[in-house]
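Participant: Provided below are the primary sequence and the corresponding predicted coordinates.
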Amino acid sequence: MTRLSVNINKFATLRNARGGNNPDVIKAALDCERFGAQGITVHPRPDERHIRYNDVLELSRVVTTEFNIEGYPDSRYLELVKRVKPAQATLVPDAPDVITSNAGWDTLTNETLLTEIIADLKKEGIRTSIFIDPVPHMIEGAARVGADRVELYTEAYASGYLKNKEKAIAPYVEAADLAKNLGLGLNAGHDLDLDNLAYLKECIPYLDEVSIGHALICDAIYYGLENVIQLYLRQLGHYR
Ligand SMILES: CC(=O)[C@@H](O)[C@H](O)COP(=O)(O)O
Ligand SMILES: NCC(=O)COP(=O)(O)O
């Protein structure tokens, strides 16, 4: 079954907007788990615009589902991940000033960097996933650098879904099949929502995990967090 990992970045965005501790990010993570989330994802960025590095340390002490820490593998991120030892580290090629993640890794030009970092994290017993576009030779590069999994960057799927879902999903099905044949685990994320998630799961039933944050938290403002987590789980075929 495909795990739902809730990315709680945007709870921290709201908290930081007023400078206090409301919403409480720790409580949000525990409630997400209580409501059925099968993982918690965070993406501490160098400017700490939302999730702060200290949040990650506090969350690591209480999260009981799979903890997934995303980020660009600079020294601060790597030190944090090695200290926390999460279930998964998802390496993302983001520059510090991007408004959000906007591309997958070039696993050819970054082969040496990724090979060394992934080997280092594996020594710590941390599963590694790398954020990637649905491009066959980049998927092949991901296998070469020793990644345990790839996370398909689904922004292009989401933006194309409403216009022509068959066309939008095609490169992702090809990339997923290739990843599976290369022995890579398969995650997906970015801009997934209640409209496009079920079709992704229908076309790629062997997805290991989807990580969803922005749309899910926006939905929760209108429909409530417990209800929305159940709705997303149902799109993945989980019936509680
Ligand atoms: C890697 C990815 O696609 C998202 O998890 C990203 O981390 C979202 O980041 P923001 O919440 O800062 O937009
Ligand atoms: N890796 C994707 C993620 O964690 C959340 O992305 P989004 O749902 O906030 O776009």
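Facilitator: Ah, there it is. Ligands and ions are numbered 1, 2, ... in the order given.
Participant: for the protein, which residues are neighbours of ligand 2?
Facilitator: Residues of the chain lying close to ligand 2 by C-beta under 6 Å from any ligand atom are 7, 41, 70, 151, 189-192, 211-215. Quick note: C-beta positions are derived from backbone N, CA and C, even for glycine.
Participant: among these, which ones are buried?
Facilitator: Neighbour-count burial (16 or more other C-beta atoms under 10 Å) applied to the residues of the chain next to ligand 2 gives 7, 41, 70, 151, 189-192, 211-215.
Participant: any idea how far Glu79 is from Arg18?
Facilitator: Counting by C-beta to C-beta, to the nearest Å, the gap from Glu79 to Arg18 is 29 Å.
Participant: which residues touch the helix or strand harbouring Ile118?
Facilitator: Using DSSP states H and E, Ile118 maps to helix 111-123. Contact partners of helix 111-123, identified using C-beta atoms under 8 Å, 6 or more residues apart in numbering, comprise 73, 78, 81-82, 89, 91, 105, 107, 128, 130, 141, 144-148.
Participant: buried ones among those?
Facilitator: 73, 78, 81, 89, 91, 105, 107, 128, 130, 141, 145-148.
Participant: need the three-state assignment for Tyr172.
Facilitator: The three-state label given to Tyr172 by DSSP: H, G, I helix; E, B strand; the rest coil is helix.
Participant: so how many other residues sit close to it?
Facilitator: A count of nearby residues for Tyr172, using other C-beta atoms under 10 Å, gives 21.
Participant: make 498 the first number, not 1, from now on.
Facilitator: Noted, 498 is the first residue going forward, which turns the last one into Tyr669.
Participant: surely it meets Leu697?
Facilitator: Yes. Between Tyr669 and Leu697 there is a contact at 7.3 Å, judged by C-beta atoms under 8 Å.
Participant: helices of the protein, residue ranges please.
Facilitator: Secondary structure of the chain (DSSP state H): helices at 506-515, 522-531, 550-557, 572-581, 608-620, 633-641, 652-658, 662-678, 694-700, 711-720, 722-732.
Participant: for ligand 1, find the nearest of those helices.
Facilitator: Of all the helices of the chain, helix 506-515 sits nearest to ligand 1, with 3.6 Å by C-beta to the nearest ligand atom.
Participant: what helices or strands is the closest one leaning on?
Facilitator: helix 522-531, helix 711-720 (3 or more C-beta pairs under 8 Å, 6 or more residues apart in numbering; DSSP states H and E).
Participant: hey, which of those is tucked in deepest?
Facilitator: Burial of the helices and strands packed on helix 506-515 is given as mean neighbour count (mean count of other C-beta atoms under 10 Å); helix 522-531 ranks first at a mean of 19.
Participant: contacts for stretch 524-536?
Facilitator: By C-beta under 8 Å, 6+ apart, stretch 524-536 touches 500-503, 505, 508, 537, 556, 559-565, 584, 706, 708, 722-723, 726-727, 730, 735, 737.
Participant: no no, stretch 574-589
Facilitator: Here stretch 574-589 makes contact (C-beta under 8 Å, 6+ apart) with 536, 538, 540-541, 550, 553-554, 557, 563-570, 598, 602, 611, 614-615, 617-618, 621-628, 646, 648, 684, 708.
Participant: give me the buried entries from those.
Facilitator: Buried, going by 16+ other C-beta under 10 Å: 536, 538, 540-541, 550, 553, 557, 563-570, 598, 602, 611, 614-615, 618, 623-628, 646, 648, 684, 708, out of these.
Participant: wait, Glu648 touches Leu681, no?
Facilitator: No. Contact between Glu648 and Leu681 fails when scored by C-beta under 8 Å: they sit 10.3 Å apart.
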